[in-house]
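Trainee: quick one: sequence and predicted model below, then my questions.
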Amino acid sequence: MTGTTFVPGEPADRVLVEAARRGDLYSWERLVRRYQEPVYRIAWLVVRDSDLAEKATQSTFVRAYRALSSLQDEAALLPWLIRIAAGESRQQRRESGRPNPSDRPIQRSATPQLPATPVASLGEVSDLSPRERQEVVEAFDRLGEDDRLVIAVRYLLGLSRADAADALSVGTGLVDEALRGAMVHLRSRLGPA
């Protein structure tokens, strides 16, 4: 998967980005609707609070719109938005005075349940019982922010290695290394197989 999402009957990202750069707010709104969910998911993974994630999502799209001229490759829109969302989310967390969520209990009210897909390499998700899926989600929740983000961009959002590297502002080798480390941490939290 690349940063460009094709929806039958919908214009490609690059077409909408170019129109938005010319001031077409309707085109920007279409892009916001297209990427609101993945941006919110990344924001929530960082702040672990639905209200802060919503604020971070909104500020991500405002900041991105203002910086559209700096987007070099319209096909890489999603990784670019993820990079902005991670930064905006960290800023929202700092401004709220909240500690890093890895150091405190997770706020569960009105937060989306993370699907078990981030750990597909641990086995087929469809083979897991509801209890096992919940254990995977809880183990994922206990990971540190960097581990959650690298797993999320590769498995939850399905970005390619190159797009994940772009979203995380690292090289592809570092994505592979970070992903291996994150999966080791996740497996250790799941306990013996």
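Mentor: Cool, the structure landed. Numbers count the residues shown, from 1 in each chain.
Trainee: low-scoring pLDDT stretches of the chain, where are they?
Mentor: 1-8, 99-128, 192-193 (pLDDT under 70).
Trainee: please parse it into its domains.
Mentor: Structural domains annotated on the chain: 1-104, 113-193, as defined by automatic domain parsing.
Trainee: residue 139 versus the spatially most central residue of the chain, what's the distance?
Mentor: The centre of the chain sits closest to residue 42, judged by CA atoms, centre = their mean, with a distance of 3.1 Å. Residue 42 sits 19 Å away from residue 139, going by CB to CB, to the nearest Å. C-beta coordinates here come from the backbone N, C-alpha and C atoms, glycine included.
Trainee: same question, residue 72
Mentor: Taken as CB to CB, the span from residue 72 to residue 139 is 37 Å.
Trainee: who has more neighbours out of these two?
Mentor: residue 139 (18 against 7; other CB atoms under 10 Å).
Trainee: element containing the more buried one, please.
Mentor: Element membership for residue 139, per DSSP states H and E: helix 130-141.
Trainee: keeping just the C-alphas, turn that helix into PDB.
Mentor: Output in PDB follows, covering the C-alpha atoms of helix 130-141 (Å, rounded to 0.1, in the frame of the first residue of the first chain):
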ATOM      1  CA  PRO A 130     -12.000 -13.400  21.500                       C
ATOM      2  CA  ARG A 131     -10.000 -13.800  24.700                       C
ATOM      3  CA  GLU A 132      -6.700 -14.200  22.800                       C
ATOM      4  CA  ARG A 133      -7.600 -11.100  20.700                       C
ATOM      5  CA  GLN A 134      -8.200  -9.100  23.900                       C
ATOM      6  CA  GLU A 135      -4.900 -10.300  25.300                       C
ATOM      7  CA  VAL A 136      -3.100  -9.100  22.100                       C
ATOM      8  CA  VAL A 137      -4.900  -5.700  22.300                       C
ATOM      9  CA  GLU A 138      -3.900  -5.300  26.000                       C
ATOM     10  CA  ALA A 139      -0.300  -6.300  25.300                       C
ATOM     11  CA  PHE A 140      -0.200  -3.800  22.400                       C
ATOM     12  CA  ASP A 141      -1.600  -1.100  24.800                       C
END
